[in-house]
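[1] Got a predicted structure here, sequence first:
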Amino acid sequence: MQEKLQDSPKYRLWEKNLRKNGLDIQEIEEIYTRHHSGRALFGLVLLRATTPEGDKIPPICFIKGTVVSILICLIDEETQEKYLLLVKQRRVCTGGYIYEQPAGLVDGEDHPDDVAVRETEEETGLKITKEQINQLNEEPWYPSTGTSEEAMYFYYVELEMSKEKIFSFDQQQQGLISEHERIITEVVPIDKAKKIITNTNGLLNIYLYEEAVRDRA
């Protein structure tokens, strides 16, 4: 049995926040919902609501829920040179390949930490534990406030290993074919990563990581 969008945790949280912030909701019309394994994965809705100031709020909202982004820094144990383990896949924004940090949706009642660990292995083949990850923002941030309730947590993990081991993760095909994921990994120095990543969340993850490293020093 498929989960109704209105019954999903992401939808209920979104509607709760709307009401908490004083919106007068007249109607929420479901336009489209995509399901995966019975769960409501994404939803597109038309919102008719009025703000406390008496304005009509922009009506289209893409219901996506919480997302995690995980920066993976692999450190050469001899030289201490740092490399990022990125993923690239074709994205609907252009149809071309986009470089990103590994990331994934928090479905149902999953905890973001667990999703960060799971998505890292699924998208890169690298196995990590919750004890190895570091969270970069305590409260979720919203990357697409005008059109979506999507909220993001950012993480990083640092692992020391031989250079040979680091590059064993390069150019590997990952992802779940059942979910139409064709992901290629790429190991690059941080400076190069900043030049090839056009995904703003991926870039933000780098700058948050670098700030955390400076604060740690």
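    Everything's here; your move.
[2] For this protein, give me the ranges with low pLDDT.
    Residues of the chain meeting the criterion pLDDT under 70: 175-180.
[3] from what I can see, Tyr156 looks like it's in a strand, true?
    Yes: secondary structure of Tyr156 (DSSP: H, G, I helix; E, B strand; the rest coil): part of a strand.
[4] and it, what is it in contact with?
    70-73, 133-134, 136, 205, 208-209, 212 (Cβ atoms under 8 Å, 6 or more residues apart in numbering). Placement of C-beta: from N, CA and C, glycine included.
[5] for Glu27, same thing?
    Here Glu27 is in contact with 46-48 (criterion: Cβ under 8 Å, 6+ apart).
[6] What about the closest residue to Lys64 other than its chain neighbours, how many residues nearby?
    Spatial nearest neighbour of Lys64, excluding adjacent residues (Cβ to Cβ, 6 or more residues apart in numbering): Glu150 at 4.1 Å. The tally of other residues near Glu150 (other Cβ atoms under 10 Å) stands at 23.
[7] Next, give phi and psi for the residue lying farthest from the centre of the chain.
    Seen from the C-alpha centroid of the chain, the residue lying at the greatest distance (Cα atoms, centre = their mean) is Gly54, 33.8 Å away. Backbone geometry at Gly54, expressed as degrees, to the nearest 10, gives phi 90, psi 10.
[8] Can you give me the separation between it and Gly22?
    As judged by Cβ to Cβ, to the nearest Å, Gly54 and Gly22 stand 11 Å apart.
[9] distance of Gly108 from Tyr142?
    Distance from Gly108 to Tyr142, by Cβ to Cβ: 20 Å.
[10] give me every residue that touches Ile206.
    Contacts of Ile206 (Cβ under 8 Å, 6+ apart): 71, 84, 190, 193-194, 197.
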